[in-house]
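# Sharing a model that was predicted from the sequence below.
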Amino acid sequence: MAEVETIVRYKAAIERVRLRAIRAAELGMAPRRDDRLAELEQALAEVEQTLVATAPGGLDGKLARAIGLGTDELDFLWTAVALTADPRLWPHLQRVGGADTARGASVGLHALLAQLDGDRSLQLGLAIGPQSPLLHYRLLEAADALPMAARRFVAPARVAAYLAGVPAAEALEPILRELGGVVVVPAERILDEEGRAATAAIASALAAPGAPIVVVDGSPGVGRRTAVAAAAAALGRPAIAIELARLAPGNAALEDAMAALTRETVLGDAVAILVGADRLAHDGDHGAPARILARALDGLPVPTAVVTLERGHELATQRPVVRVTMPVPGVATRRLLWDHVLGSGAATPEERDLLAMRYRLGAGGIGGAVRSARQLGGDALSLNDVVNGVRNNIAERMGGLAQRVTVKQAWDELVLGKDTLDQVRGLIARVQHGHTVLETWGLGKKLHRGTGVAALFSGPPGTGKTMVAGLIARALDLELYQVDLSKVVSKWVGETEKQLAQIFDAADAGHALLLFDEADSLFAKRTEVKAAVDRYANLEVNYLLQRVEAFGGITVLTTNLDQSIDPALMRRLAAHVKFWPPEYDERLALWRAMLGGAVPLADDIDFDALAARFPEMTGANIRNAAIAGAFLACSEGVAVAQSHLERSARGEYASMGRALGGQSR
């Protein structure tokens, strides 16, 4: 019955505007037709009776009470809505105000249609100003920049749909659908004690007086927006989310999105969720997006949540802020989530235990991984399918900032000095036995920040630093991601830190080893602040030091210039492994390893001579020379001989900037 009355009232209000327009047109005609005017007045009186009868349950009245609209302001809104929704109105309005009426409703036009006297017209002109609720909550949009009394306004289609009683789910504006839309709360949420506590804190903050902004941080996929939506549902409200990262470039797109969100929170009595405010923009825009967002947050009339990855992200808002961290579920809860999402017939119980232990994923991350896996392997998923699904999602989170490296080498291909190899094995043991030493033996309490393992590999190029990082990843069954510094380092203030945060968050969830090649470019010594650029460079190093220490996984940094690394990082290292150029015995082993297997060798091969004749070669140089010699031999259709290796080694030596006297054999 309420829906029927809503439609009746909507039609009556639109009809009132149409009849007023016809009346105004008739009054301007010469000679006047009094009988026609009498008919119009009678029709208007009947419409008014309908509006009075349906007023108690009217959506327009509810809206007026919620945002503080006067009678004439509400009447003006109906005129603008009629211009948006009723095509029958235009011919009559053109007779009254000419073609310009197509641009929208002005206060002057409405005063003419509603036959307002001078005082009411003046009061309405003052009311429809910059602070009018109709403009503040974006229920009307200005169509031009004329003086306020002459300015024309249009009502967005969403306002007309609301007054017509169209359900919010059907009437949601396209920009909101594209950026996120209504957040659906799963029928069953699997939470551990910490997750329930965080959800309760969010609900308490949303219901608190003073309309605070609730900043919910945490890793991707842990259920931050779902927790907000569940808290909103407990308050009897829907939740509307917009993902700021999906916005088109430019401030105009952000303005439009925030206008639509503001409008929806008023009309739908919805809780607003803004996702990714910490990824919004950099100082190349002189902070304009942040200011637009802060202004919009201050103007939202409802409980609001901001979902971020970055802890402590600062919002330039005047509203009070409450901060809640949504934790990653514990292993037992992750196991339940894998069971819930995988169902029966996919992965064995032991494999599910392994997935729960290995990947620090929340409900969203697990669900996304399984959806990706089903695209790859169908319904009967194997462990490998699920792992590939996780990899796809982690790669997506990396955003191209780090690339997964497939490790092809084996330990028997590694040639290192005994002391160096012992250090590498000690680093692996630190990870394998970390739980016993840090938890069971209690030494974890001595650590100030996190239990992550950071190692620095230093030494000349080609000595095996990157190869060893890959072998460590293989030994620990980790994914290896090499950070692309060309994409991470940004000239914009704060952007480098945001890119690094994205990498560390993704790696933390993805059971990954992070490799920073040429780490001296990021972890350089902090300098005395003599200019603004020095201060910002130091801030980047400070942030990196904190993230490396707090990171729950393994970070391997390689450098050729360890003297350039900041001393504070050196103190935080679990290991500093120095890779020296190979000695004679190691070069000999490298030559033999490179040319083993199925490579056809001539009888004159003298590995001892090669190791002695080219003393400055590293493992990478020997690899290059061996492969080049093999190609020379293959092009001649013969087995690899000493002459091929001598020629290729001399070429490699020349590329190193070294020279040998005499000629090769």
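Happy to help now that I have it.

# Test my guess that T79 contacts V107.
No. In this structure, T79 is not within contact of V107 by CB atoms under 8 Å, at 9.7 Å. (Each C-beta comes from the backbone N, C-alpha and C, glycine too.)

# Who has more neighbours out of those two?
Neighbour totals were compared for T79 and V107, and T79 leads with 28 against 24 (other CB atoms under 10 Å).

# what's the helix or strand for the more buried one?
Using DSSP states H and E, T79 sits in helix 71-85.

# got the angle between the following helix or strand past that helix and helix 71-85?
Going down the chain from helix 71-85, the next helix or strand is helix 90-97, by DSSP H and E. With axes from the mean of the first three to the mean of the last three CA atoms, to 10 degrees applied, the angle from helix 90-97 to helix 71-85 works out at 130 degrees.

# what sits up against helix 90-97?
R18, A21, I22, A24, A25, G28, L83, T101, A102, L109, L112, L113 (CB atoms under 8 Å, 6 or more residues apart in numbering).

# Closest to L297 out of the residues you listed?
The nearest member of the contacts of helix 90-97 to L297, counting by CB to CB, is L83 at 31.0 Å.

# phi, psi of the nearest residue to the closest one once chain neighbours are set aside?
In this structure, L83 finds its nearest non-sequential neighbour in A105, 5.3 Å apart by CB to CB, 6 or more residues apart in numbering. Here is the backbone geometry of A105 (degrees, to the nearest 10): phi -100, psi 130.

# which of the contacts of helix 90-97 are buried?
Buried members of these, counted by 16 or more other CB atoms under 10 Å: R18, A21, I22, A24, A25, L83, T101, L109, L112, L113.

# So the third one lies in a helix, does it not?
Yes. With the criterion set as DSSP: H, G, I helix; E, B strand; the rest coil, the secondary structure at I22 is a helix.

# Let's see the pLDDT reported for it.
I22 is assigned a pLDDT of 91 by the prediction.

# Name all residues that make contact with it.
L40, H92.

# sorry, back to before: pLDDT-wise, what's the bottom of the buried ones among the contacts of helix 90-97?
Ranking those by pLDDT, T101 lands last with 74.

# so that residue makes contact with L109?
Yes. Using CB under 8 Å, T101 is in contact with L109, at 6.5 Å.

# all helices of the stretch 151-300 of the chain, in order?
157-163, 168-171, 174-179, 193-207, 224-234, 251-267, 288-299 (DSSP state H, counting those that start in this stretch).

# Would you format the ones you listed as a markdown table with mean neighbour count, distance to D508 and mean pLDDT included?
A markdown table is the format used below for those (neighbours: other CB atoms under 10 Å; distance: least, CB to CB, whole Å; pLDDT from 0 to 100):
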| stretch | mean neighbour count | distance to D508 | mean pLDDT |
| --- | --- | --- | --- |
| helix 157-163 | 22 | 40 | 95 |
| helix 168-171 | 13 | 36 | 88 |
| helix 174-179 | 16 | 26 | 93 |
| helix 193-207 | 18 | 16 | 94 |
| helix 224-234 | 24 | 15 | 93 |
| helix 251-267 | 20 | 29 | 91 |
| helix 288-299 | 18 | 26 | 84 |
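
# a markdown table please, covering these and showing distance to D60.
Below are those laid out as a markdown table (distance: least, CB to CB, whole Å):
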| stretch | distance to D60 |
| --- | --- |
| helix 157-163 | 6 |
| helix 168-171 | 16 |
| helix 174-179 | 22 |
| helix 193-207 | 27 |
| helix 224-234 | 25 |
| helix 251-267 | 11 |
| helix 288-299 | 22 |
